[in-house]
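S.K.: Give me a 3D structure for the following:
(one chain, ligands or ions: 1)
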Amino acid sequence: MQEWTEAKQYTDPEKMAVAYLVKYYGNQKIEYPINPFKMLKDEGILFSLMDFKKLEGVYVPASSLEDVPLVGINVNRPITRQRFSAAHELCHHFRDSDKQISCPIGAKNSVERFAENFAVALLMPINELRAQVNKRKNSNRTIRGLCTRIRTS
Ligand SMILES: [Zn+2]
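M.R.: Below is the predicted model:
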C-alpha cells in the first residue's frame, strides 16, 4: 500500500476518517460493520492481541524498509473497545509513524484524543449516519434499524 501522506495535514479527525473511508473503499459500497482489523492488515500492519494491563494498545513503526509496522491490542478489553483500538492505532500509523507510541487506558493528551476521535468517526461515519436518518425519517423504527445496521455495541 502506498503511503497516505495527506493524513498528517488534517486538523479534524472526523474529516480525516471520512477521507480514509473514501480512499479505502473507492467506488465500492462501504460494508458495515466496518472491520478495522482488516484495515490494519490491508495497510501492511501486523497486529496481535496482547496481555496489557494499563494500555489499550501500542504502535511500533517499521525499523527499516524490509520491516513492517506492528500494532498490539489489549486482549483483556471488550471486543467493542478492541475495534476502537484497532482504528485508533491505524490513525497513529498515518500520522505518528516516526516513533513508537503507547496508548494508556483513558489517555487525554492531544495526540491520543485525535486518534480516539478518528476511531469513533471511522467506525460510526457521521455522514452515513445522517444519510440513514434522512432516509428513514418517516419510519418509527429509525433508531433500532440504525443500531442493527451500524452495530456499534
Ligand atoms: Zn494512541
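
S.K.: separation between F114 and H88?
M.R.: 10 Å (Cβ to Cβ, to the nearest Å). No exception for glycine: its C-beta is placed from N, CA and C like everyone else's.

S.K.: between those two, who's got more neighbours?
M.R.: Per other Cβ atoms under 10 Å, whichever of F114 and H88 has more neighbours is H88, with 28 against 20.

S.K.: Which secondary structure state is assigned to the more buried one?
M.R.: Under DSSP: H, G, I helix; E, B strand; the rest coil, H88 falls in the helix class.

S.K.: quick one, what contacts it?
M.R.: When contacts are counted by Cβ atoms under 8 Å, 6 or more residues apart in numbering, H88 touches E56, G57, C103, A115, E116, F118, A119.

S.K.: how long is stretch 59-71 from one end to the other?
M.R.: 5 Å (Cα to Cα, to the nearest Å).

S.K.: Check what contacts it and list those residues.
M.R.: 40, 44-48, 57-58, 72, 86, 89-90, 92-93, 96-101, 103.

S.K.: just the buried members of those residues?
M.R.: 40, 45, 47, 57-58, 72, 86, 89-90, 92-93, 96-97, 101, 103 (16 or more other Cβ atoms under 10 Å).
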